[in-house]
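> Sequence plus the predicted model coming up.
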Amino acid sequence: MRESTIMKIHYGTALAAVALVAVHILMRLTQGFAESLEYESVLANYKFIPYAAMLELILILLAVHGFNGLRVILLELKQGRSYEKAVSYGCLAAMIALIAYGSRTIIMTNMGMV
Amino acid sequence: MTQDEHKEGIKGMVNPGRYGIERVAYWLMRLSGLGLLAYFIGHIYETSNILRGQVGWTEFLELTQTTEGHAILAIVIAMCVFHTVNGIRVMLGHGGIGVGKPARPDYPYDPASQNYRHKIGIYSAIVLAAVAMMYGLAVMFGE
Amino acid sequence: MAQVSGIADEQTSTPLSSSNTILLRISRFNPEHDDSSQFMEFTVPYERWTTVLEAILDVKKHFDHSVAVRYSCRQATCGSCGMMINGKPRLACFTKISELNSNVVTVEPMNNFPIIRDLAVKFERLFDTHQKIKPYLIRDDSELVSDEREFLQSPEEVEQYIQFANCIKCGLCNSACPTMATDSSFVGPQALAQAYRYVADSRDKGKDSRLKIIDDSHGIWRCHFAGSCSQVCPKGVDPAMGIQLLRGYLLGFRS
């Protein structure tokens, strides 16, 4: 993938994440911070499909943006063919692993497998 | 000293003192980005405790609902706001927006790209981050 | 024919009667036999108009002729005498001691450039990256027929790039850049600003090929708009502006 395509994705995920994370934080504040973190409240959030879908989207957007940002920082710190390959594939693997782990929580909770 | 390249290294890269507020913003952007990624990974793990049922969730929540936990969350709020506001400024700059127009330079050659719009953007990001952090502290410790 | 019986006494560039003096600390390092750099200190007289380069040349003349420094024009045109002066990259010939507001002036070789000896650094990498971005006009009609006139440009078209044509390749921007501090493969602000200089030239048709060269994992995207390059440029080139305008083409903001 060309670097310009990767960086366009980086900017796009940032903008989309800002909007969705704002909604996510507002939900905590409108419900009252402590109340919104109670078990029943969190469970209800996960079971509400549009909210669960939004959480999944935030998970993907932030994982892509965050691990690409980490890749950029690591590529600038040290150079070398094998190192750069390891950084790129390592960040991709970490991104996929985090999305898979977070998705497991969202899907299982949404489906009532708690 | 590396004889080969004489690179300034990480110390030079993170040193914010010599080149004005733009270099400070560059450094804070990196630091907040890494901090937010670390928090994000922790948050995904934290929320996965819901799968352990009510007892598991409450147990883990108690670990984070401490003074230290609230202080860390306040710092995360500040990092999040700074990274967002400064990120939008940088993104606009990257698109060539607000960086000035090419013109014949006159002595003392003040660079047009380092203009007041960007400086205001950076200071706004810092102030908003501080305000958001204080609001967060008020919400968390107010309850 | 009369023979010259002796070498005439050299005139000092700075009057030794000057009441003002500074402590000039010069970094000494020879990669062939030194493990690390050491500072040598000299007390040098100066006037309001004395430049750092003149002070270094006084040291060479009166104290230690072995200090290695590269210089030529003494008027910020050749771009030879870039060095770290009190921690910031500057041209020694363009920096007056009186402007530094310090009784101690520390000179070191430019960061991010391999050291040849003392204050002289290698420019190979800068010239390589400069060459990489094709710093010349690219046109389909490579040969001009004899009766053809020169390429005409309006003053507005000239304004688009003339600022960036002021680059003297002194390397101060590359020395100040935070990415260059750790990334050996980064194209660097000097080359990227020159890429914009040619892309913005209405006579040039090489935009696509240049954008392809800089759209690399160590290309334009490794610039984070810290602006240090523009702050140290002694010719008002403003590489940070050029780089962002150039990136505008890749992001679709400009065509």
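Perfect, I can see it now.
> How about the secondary structure of the residue in chain B that chain C sits nearest to?
Proximity of chain B to chain C (C-beta to the nearest C-beta) peaks at B:P105, 2.7 Å away. For glycine as for every other residue, the C-beta is placed from the backbone atoms N, C-alpha and C. Classification of B:P105 using DSSP: H, G, I helix; E, B strand; the rest coil returns coil.
> Can you name the residues that contact it?
C:163, C:166, C:235-238 (C-beta atoms under 8 Å, 6 or more residues apart in numbering or on different chains).
> how close does it sit to A:I9?
In this structure, B:P105 and A:I9 are 36 Å apart, going by C-beta to C-beta, to the nearest Å.
> before we move on, the earlier item: I'd like the distance between the residue of chain B closest to chain C and A:A19.
On the measure of C-beta to C-beta, B:P105 and A:A19 end up 40 Å apart.
> Show me which of the contacts of B:P105 is closest to chain A.
Among the contacts of B:P105, C:D238 lies closest to chain A (C-beta to the nearest C-beta), at 22.3 Å.
> Would you agree that closest one is in contact with C:C173?
No: the pair C:D238 / C:C173 is not scored as a contact, 9.7 Å apart, by C-beta atoms under 8 Å.
> Now for those two: what residues contact both?
With C-beta under 8 Å, 6+ apart, C:D238 and C:C173 have common neighbours C:193, C:230.
> Show me which residues of chain B sit near chain C.
Within chain B, the positions adjacent to chain C are B:1, B:3-10, B:12-13, B:18-20, B:22-23, B:25-26, B:29, B:90, B:93-97, B:99-100, B:102-107, B:109, B:111-114, B:118 by C-beta under 8 Å from any C-beta of the partner chain.
> go with 6 Å
Residues of chain B lying close to chain C by C-beta under 6 Å from any C-beta of the partner chain are B:1, B:3, B:5-8, B:12-13, B:18-19, B:22-23, B:26, B:90, B:93-96, B:99-100, B:102, B:105, B:109, B:111-114.
> Drop anything exposed from those residues.
Buried members of these, counted by 16 or more other C-beta atoms under 10 Å in any protein chain shown: B:1, B:5-8, B:12-13, B:19, B:22-23, B:26, B:90, B:93-96, B:99-100, B:102, B:105, B:109, B:111-114.
> Could you list which of the residues you listed belong to helices?
B:12-13, B:22-23, B:26, B:90, B:93-94 (DSSP state H).
> can I get the CA coordinates of the lowest-mean-pLDDT helix or strand in chain B in CSV?
The least trusted helix or strand in chain B, going by mean pLDDT, DSSP states H and E, turns out to be helix B:9-14, with a mean of 88. In CSV, the C-alpha atoms belonging to helix B:9-14 read as follows (Å, rounded to 0.1, in the frame of the first residue of the first chain):
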residue,chain,number,x,y,z
GLY,B,9,19.2,11.1,18.3
ILE,B,10,16.1,10.8,20.5
LYS,B,11,17.4,13.4,22.9
GLY,B,12,17.6,16.0,20.2
MET,B,13,14.2,14.9,18.7
VAL,B,14,12.4,15.3,22.0
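> Show me what that helix packs onto, helices and strands only.
Applying 3 or more C-beta pairs under 6 Å, 6 or more residues apart in numbering or on different chains; DSSP states H and E, we find helix B:9-14 packed against no helix or strand.
> And the contacts of that helix?
If you take C-beta atoms under 6 Å, 6 or more residues apart in numbering or on different chains as the criterion, helix B:9-14 is touched by B:27, C:178, C:181-182.
> List the contacts of the closest residue to B:V24 other than its chain neighbours.
Counting by C-beta to C-beta, 6 or more residues apart in numbering or on different chains, B:P16 is the residue found nearest to B:V24 once chain neighbours are left out, at 4.3 Å. Going by C-beta under 6 Å, 6+ apart, B:P16 touches B:23-24, B:27.
> Return the closest of the contacts of B:P105 with respect to chain B.
Distances from chain B to those, taken by C-beta to the nearest C-beta, are shortest for C:G236, at 2.7 Å.
> In this structure the closest one contacts B:D110, no?
No: if you go by C-beta atoms under 6 Å, C:G236 and B:D110 don't touch, sitting 8.1 Å apart.
> buried residues in stretch C:52-60?
C:52-59.
> ugh, wrong one, stretch A:62-79
A:62-72, A:74-76.
> does any part of stretch C:28-46 sit near chain B?
Yes: using C-beta under 6 Å from any C-beta, stretch C:28-46 reaches chain B at C:31, C:36.
> What parts of chain A come near chain B?
A:11, A:14, A:18, A:33-34, A:39, A:42, A:62, A:66, A:69, A:102, A:105, A:108-109, A:114.
> now do chain C
Checking chain C against chain B by C-beta under 6 Å from any C-beta, the hits are C:31, C:36, C:87-88, C:111-115, C:160, C:163, C:178, C:181-182, C:184, C:224-228, C:230-231, C:236, C:238, C:240-241, C:244-245, C:247-248, C:251, C:253.
> Of these, which belong to helices?
C:160, C:228, C:230-231, C:240-241, C:244-245, C:247-248, C:251.
> Secondary structure class of C:S66, three-state.
coil.
> Just list the residues touching it, thanks.
So C:S66 contacts nothing (C-beta under 6 Å, 6+ apart).
> Tell me the pLDDT of it.
Note on C:S66: pLDDT of 96.
> Now it, what are its backbone angles?
Torsion angles at C:S66 (phi, psi; degrees, to the nearest 10) stand at phi -80, psi 0.
> per-residue confidence at residue 79?
With no chain named, the answer covers chain A. So A:Q79 comes in at 95 (pLDDT).
> Let me rephrase: I mean chain C.
97.
> Which strand or helix spans it?
Using DSSP states H and E, C:G79 sits in no helix or strand.
> C:G236: neighbour count?
For C:G236, the neighbour count with other C-beta atoms under 10 Å in any protein chain shown is 18.
> Tell me the spacing between B:G142 and chain A.
9 Å (C-beta to the nearest C-beta, to the nearest Å).
> Quick check: which element contains C:T43?
Going by DSSP H and E, C:T43 is in strand C:38-45.
> Quick check: buried residues in that strand?
Neighbour counts over strand C:38-45 (16+ other C-beta under 10 Å) mark C:42, C:44-45 as buried.
> Columns pLDDT on top of the residues you listed, output as TSV?
Shown next, in TSV, are these (pLDDT from 0 to 100):
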residue	pLDDT
C:F42	97
C:V44	95
C:P45	95
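> So which of these is the closest to C:R139?
The shortest distance between C:R139 and any of the buried residues of strand C:38-45, using C-beta to C-beta, involves C:V44 and amounts to 52.0 Å.
> Check whether that closest one really touches C:R25, as I assumed.
No: between C:V44 and C:R25 there is no contact, the gap being 10.6 Å when judged by C-beta under 6 Å.
> Point out where chain C drops to low pLDDT.
The model of chain C has pLDDT under 70 over residues C:1-18, C:142-148.
> got the residues of it near chain A?
Residues of chain C lying near chain A (C-beta under 6 Å from any C-beta): C:179, C:182-185, C:215-217, C:221-222, C:250.
> In strands only, show me those.
Residues of those located in strands (DSSP state E): none.
> Go ahead and flag the most central residue of chain A.
In chain A, the residue lying closest to the centroid (C-alpha atoms, centre = their mean) is A:L59, at 2.5 Å.
> give the contact list for it.
A:99, A:102.
> Return the distance of the nearest residue to C:S230 once chain neighbours are set aside relative to C:H130.
Excluding its sequence neighbours, the residue lying closest to C:S230 (C-beta to C-beta, 6+ apart) is B:P111, at 3.5 Å. To C:H130, B:P111 is 20 Å away according to C-beta to C-beta.
> Who wins on neighbours among the contacts of B:P105?
C:D238 (32 neighbours).
> helix or strand for B:T58, which one?
helix B:53-64.
> What parts of chain B come near chain A?
Checking chain B against chain A by C-beta under 6 Å from any C-beta, the hits are B:33, B:37, B:40, B:44, B:47-48, B:50-51, B:54, B:57, B:84, B:87, B:91, B:139, B:143.
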